[in-house]
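S.K.: this is a predicted model, with the sequence first.
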Amino acid sequence: MKKEEINVRREDIRKAFIASVPVMAGYIVLGAGFGIVLETKGLGLIWAVAMSVFIYAGSMQYVAIELITGGASLITTALTTLMVNARHLFYGISMVDKYKGAGKKKPYLIFALTDETYSLVCSDESVKDVNNKYLYYFTVSLLNQIYWITGTVIGSLSGRMINFSTEGIDFALTALFVTIFTEQWISEKNHGPAIAGLASSILCLVVFGKDNFLIPAMCCIVAVLGFMRKMQGKAECDGKELQDE
């Protein structure tokens, strides 16, 4: 590999690291919270690392603690996982074209597509000044998982040494989602998708309740965004026809 090519790859990795720093701050705290809660349930460091390496599902890992310690059946666990992570079906669909040429990196990119990683790679603007976009996607995904694993290790080890109430620690996950939403609101000029997502979620929360609103909300969001996309495309076509005339 030529020196110039190495420098280009290093630059892409550097950009990926800079982009992932906000997630690092959140994931270490969230991961530590998960490790602490896991430790208080009698599941130590090995469980913390294994779950963060092989499951790596953020909120689902918090839910999994109760499922594991509560003796939930496989069917209950499978259905709960599907409900909690249903949004990833839509994430995956929207990333099909972006990851099409990723080659050997593609399986890991699919596995590592968390909410926060998706927020960093879903926009075309994220790779605007990047030379190798697939290296950028891979590096962002890998760094984010490393942050999460690091946090869980810190939490598990500190949970052994410090005795305190863990009530409310899992709220850090909600706080991170709010932070990401706020950052995207500030950085994007078009607030239509954000408003559509927020309004759909609130509506479904009121109609279906807090335990059953997730999947209806995601379906509603997809329908609304699809309609908005269709209207935008129609407006662009009409504008182009007017210019041609």
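M.R.: That came in fine, so what should we check first?

S.K.: separation between Glu11 and Asp129?
M.R.: 9 Å (C-beta to C-beta, to the nearest Å). Using the backbone N, CA and C atoms, a C-beta is placed for each residue, glycine as well.

S.K.: compare the two (neighbour count), which wins?
M.R.: Comparing Glu11 with Asp129 by other C-beta atoms under 10 Å, the one with more neighbours is Glu11, at 14 against 10.

S.K.: quick check: phi and psi at the more buried one.
M.R.: Glu11 adopts backbone torsions of phi -70, psi -40, taken as degrees, to the nearest 10.

S.K.: specify the local secondary structure of the residue nearest to it when sequence neighbours are not counted.
M.R.: The shortest distance from Glu11 to any non-neighbouring residue, by C-beta to C-beta, 6 or more residues apart in numbering, is to Asn131 (7.0 Å). Here Asn131 is recorded as coil under DSSP: H, G, I helix; E, B strand; the rest coil.

S.K.: and the helix or strand hosting Arg14, what's buried?
M.R.: Secondary structure from DSSP states H and E places Arg14 in helix 3-40. Across helix 3-40, burial judged by 16 or more other C-beta atoms under 10 Å covers 12-13, 15-16, 19-20, 22-24, 26-40.

S.K.: list the contacts for Tyr56?
M.R.: Counting by C-beta atoms under 8 Å, 6 or more residues apart in numbering, Tyr56 makes contact with 111-112, 114, 145, 148.

S.K.: one more: Arg160?
M.R.: Residues near Arg160 by C-beta under 8 Å, 6+ apart: 39, 44.

S.K.: and the gap between it and Leu43?
M.R.: Counting by C-beta to C-beta, the separation of Arg160 from Leu43 is 12 Å.

S.K.: can you redo the contacts of Tyr56 as TSV with neighbour count?
M.R.: Shown next, in TSV, are those (neighbours: other C-beta atoms under 10 Å):
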residue	neighbour count
Phe111	12
Ala112	19
Thr114	22
Gln145	20
Trp148	27
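
S.K.: now Leu67. Nearest residue, chain neighbours left out?
M.R.: That would be Thr77: by C-beta to C-beta, 6+ apart, it lies 5.2 Å from Leu67.

S.K.: next one: Ile55
M.R.: Counting by C-beta to C-beta, 6+ apart, Ile55 lies nearest to Gln61, which is 5.8 Å off, once chain neighbours are set aside.

S.K.: please, which helix or strand holds the one you found?
M.R.: Per DSSP H and E: helix 59-69 holds Gln61.

S.K.: after that helix, which helix or strand is next? Please name it.
M.R.: helix 74-84.

S.K.: C-terminal to that next one, what's the next element?
M.R.: Heading C-terminal from helix 74-84, the first helix or strand you meet, by DSSP H and E, is helix 87-94.
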